[in-house]
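Participant: I would like to see how this sequence folds:
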Amino acid sequence: MVFLDVRDQYGITQAVISENDALVDFTSHIPIESTITLSGTVRKRNQETYNPNIDTGEVEVFIDTIEILGKRTKHLPFEINQTKEVREDLRLQYRYLDLRGDKLKNNLILRANVIQFLRSQMIKQGFLEVQTPILTSSSPEGARDYLVPSRLHAGKFYALPQAPQQFKQLLMVSGIDKYFQIAPCFRDEDAKADRAPGEFYQLDMEMSFASQEDVFSAIEPVIYHTFKTFSIKEISSYPFPRITYQDAMLHYGSDKPDLRNPLYIIDVTNFFSKCSFTPFHHKTVRAIKIEGQMSKGFHEKILSFATSIGMAGLGYLEVQEDLSYKGPIDKFIPDEMKKELLELANLKVNDTIFFIADNEQRANSFARTNSYRTWKTFKFN
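Facilitator: A predicted model of the protein is given here:
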């Protein structure tokens, strides 16, 4: 008796052959990852071979005939669906093998499903899908263009679009009031933290005679329902929070803040201008409040990190049981102003507040970096 695991795009099915000695011998010598065609009878597995971990675990195919369409003749550079990591260059060299594994195959299926879902959401809102040209004239948008030489016009080149801006504008002027496409974008630039270099795709849309709120109300449900459908993470319901640029820079030190971070930056510049702590005078002073009691070791970690990124130091105060402060700069805060700081930062017993002083740009940058590092350290420790 010989068992085969036969794999296609949709999963694995067990096939079995017995009693026919010639066919058993032939089947037992088929190399792994060969391509075959077989016919037989689908039957229920017995209790011993039942496998609840796969979709076809209750059935098997009893083989009547089997034929090899493509026989593997060389040693595999790596095993398909093995848990151990395989070098990226090796996976790229043998991409046709890598794509046989579940990880990349499931990525392709997920991408197809997401694009189909995005398309249906936009069409439901009355947007017209228009495919804009790939070979176009140059329209500089911040990165270098990819150029394609013209065969008919010597010395002339087409440019690949960095984004379909000029075509969107043509559509709007011509009376197409709502347009979208899943647009390929080509940018000859280095990789960035939030974007791959070269070629990427984006949901591109345009609306004519639209206000900012019109655009938000069109795109927010698309974002929400897409992530709700395809992600297992908690998704914020729409309408999404609105934060002005000024508030984002003040409270998070970034115009694209990570709102998962519960620590936000507090402006205490005016407060310290009235205190006697001269290192904070004529500087922008930002503060970060952390709720709950922390160990001395935690303080040392944060202070060490602050100096490692170029800060001269990091002042802090801890709130005691009687709402007094403990910390190196407590003596510089007049008694009549200590309650004001409690209210300004909404401080409670056992809270700790860190202070950063520099010019405005560096203070915002240091505050953002320390806020993120503090959140990560406190969260995972």
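Participant: centre of the chain versus the longest strand along the chain, how much separation?
Facilitator: Longest strand in the chain by number of residues (criterion: DSSP state E): strand 59-70. Centroid separation between strand 59-70 and its chain, computed with CA atoms, centre = their mean, to the nearest Å, is 42 Å.
Participant: Which other helices and strands does the next helix or strand after that strand contact?
Facilitator: The helix or strand immediately downstream of strand 59-70 is helix 88-93, counting by DSSP states H and E. Contact partners of helix 88-93 among helices and strands, from 3 or more CB pairs under 8 Å, 6 or more residues apart in numbering; DSSP states H and E: none. (C-beta placed from N, C-alpha, C; glycine too.)
Participant: how about the next helix or strand after helix 88-93: buried residues?
Facilitator: Next helix or strand after helix 88-93 toward the C-terminus (DSSP H and E): helix 95-98. Applying a neighbour-count criterion of 16 or more other CB atoms under 10 Å, one finds 97, 98 buried in helix 95-98.
Participant: ok, now how distant is residue 42 from residue 13?
Facilitator: Distance of residue 42 to residue 13, computed by CB to CB, to the nearest Å: 9 Å.
Participant: any shared contact partners between the two?
Facilitator: The contact sets of residue 42 and residue 13 overlap at 59, 60, 61 (CB atoms under 8 Å, 6 or more residues apart in numbering).
Participant: for the last one, what are its contacts?
Facilitator: It stands for residue 61. Here residue 61 is in contact with 6, 13, 14, 15, 16, 38, 40, 41, 42, 43 (criterion: CB under 8 Å, 6+ apart).
Participant: Tell me both backbone torsions, phi and psi, for the fourth one.
Facilitator: This points to residue 15. With angles defined as degrees, to the nearest 10, residue 15 sits at phi -120, psi 150.
Participant: hang on, isn't it packed against residue 4?
Facilitator: Yes. Using CB atoms under 8 Å, residue 15 is in contact with residue 4, at 4.4 Å.
Participant: any shared contact partners between these two?
Facilitator: Listed as contacting both residue 15 and residue 4 by CB under 8 Å, 6+ apart are residue 63.
Participant: quick revisit: neighbour count winner among residue 42 and residue 13?
Facilitator: Per other CB atoms under 10 Å, whichever of residue 42 and residue 13 has more neighbours is residue 13, with 18 against 11.
Participant: ranges for the helices of the protein?
Facilitator: 21-28, 88-93, 95-98, 102-124, 165-173, 212-230, 245-252, 269-273, 296-308, 335-345, 360-380 (DSSP state H).
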